[in-house]
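Trainee: Dropping a prediction and its sequence here:
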Amino acid sequence: MQISVSFLSSAYPFDKTIEKINDSMANFIHVDVMDGVFVNHVTPFTKEMLTLLKNSPKPKEVHLMTLHLKKYIDLFANLNPECIIYEFEATEKHEKVIEYIRNKKSKVGIAIGPLTDLKRLLPYLKKIDLVLVMGVIPGSGGQSFLKETIGRIEELQKIKKEQKLSFLISVDGGINEQTIKDIRDKGLNRAVSGSYICKSVSFDEQIKKLQY
Ligand code: DX5
Ligand code: ZN
């Protein structure tokens, strides 16, 4: 299982957090983007922060919790992320958004919030590389994992197997050494974790605890 680290809620300043992620065994830096419209919070990215992320050796995945997807895809494609993930509820024009992200030479992910019926993803699963199952209502770090997420991951894995699809299953929100136990063996390919890792002294110690 791959680990992607969200820097949203950290015990360290931004630069130090990114340095610690780069030095860790994490597979990805998870870049959370909030616009204050789709979700209440705003993530204020300065030029310096974007440059630091761009120059980071660790691969990046961008998680857009925004409306105005074209604008944000244009901006964050500059980081050369491996994958750009958008929120399912942020658009009705999925085919267009998927193609727009592909044209940026990035893989495509769709994030699905706890209140959205998974079946609505069915028409698009063949066209995307990753589904990000939200374990919390999108909008802030440090929330508690919603138990219903376990069944949702099982359901998605079932669909994936039945339809012989290849998208990766990832989970985001409320992940720690306890909550991961119920989902680790359910076809989960990647887990995003923020406060559990970034509020600790040794990032690698926490990552190892998630993986075993
Ligand atoms: C939630 C964000 C998550 C979050 C994860 O809206 O998309 O990436 O920061 O942080 P933790 O692991 O603290 O829930
Ligand atoms: Zn996220």
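Mentor: Thanks, I have it. Ligands and ions are numbered 1, 2, ... in the order given.
Trainee: Next to ligand 2, which bits of the protein? Give me the list.
Mentor: 32, 63, 172 (C-beta under 5 Å from the ion). C-betas here are computed from N, CA, C, even on glycine.
Trainee: name the helices or strands packed onto the helix ranked longest in the chain?
Mentor: For the chain, the longest helix by residue count, based on DSSP state H, is helix 148-162. Applying 3 or more C-beta pairs under 8 Å, 6 or more residues apart in numbering; DSSP states H and E, we find helix 148-162 packed against strand 130-134, strand 168-172.
Trainee: With mean pLDDT added, can I get the ones you listed in JSON lines?
Mentor: Formatted as JSON lines, the helices and strands packed on helix 148-162 follow (pLDDT from 0 to 100):
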{"stretch": "strand 130-134", "mean pLDDT": "98"}
{"stretch": "strand 168-172", "mean pLDDT": "98"}
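Trainee: out of those, nearest to ligand 1?
Mentor: strand 168-172 (4.7 Å; C-beta to the nearest ligand atom).
Trainee: Between helix 148-162 and the closest one, find me the angle.
Mentor: 170 degrees (axes from the mean of the first three to the mean of the last three C-alpha atoms, to 10 degrees).
Trainee: Number of residues surrounding the residue of the chain found nearest ligand 1?
Mentor: Across the chain, no residue is closer to ligand 1 than Gly194, which sits at 2.6 Å (C-beta to the nearest ligand atom). Number of residues near Gly194 (other C-beta atoms under 10 Å) recorded here: 26.
Trainee: pLDDT wise, what is it at?
Mentor: According to the prediction, Gly194 has pLDDT 97.
Trainee: cool, Pro114 as well?
Mentor: 97.
Trainee: That one contacts Ser144, correct?
Mentor: No. Using C-beta atoms under 8 Å, Pro114 makes no contact with Ser144, being 11.7 Å away.
Trainee: Pull up the overlap in contacts between these two.
Mentor: Taking C-beta atoms under 8 Å, 6 or more residues apart in numbering as the contact criterion, the common neighbours of Pro114 and Ser144 are Val136.
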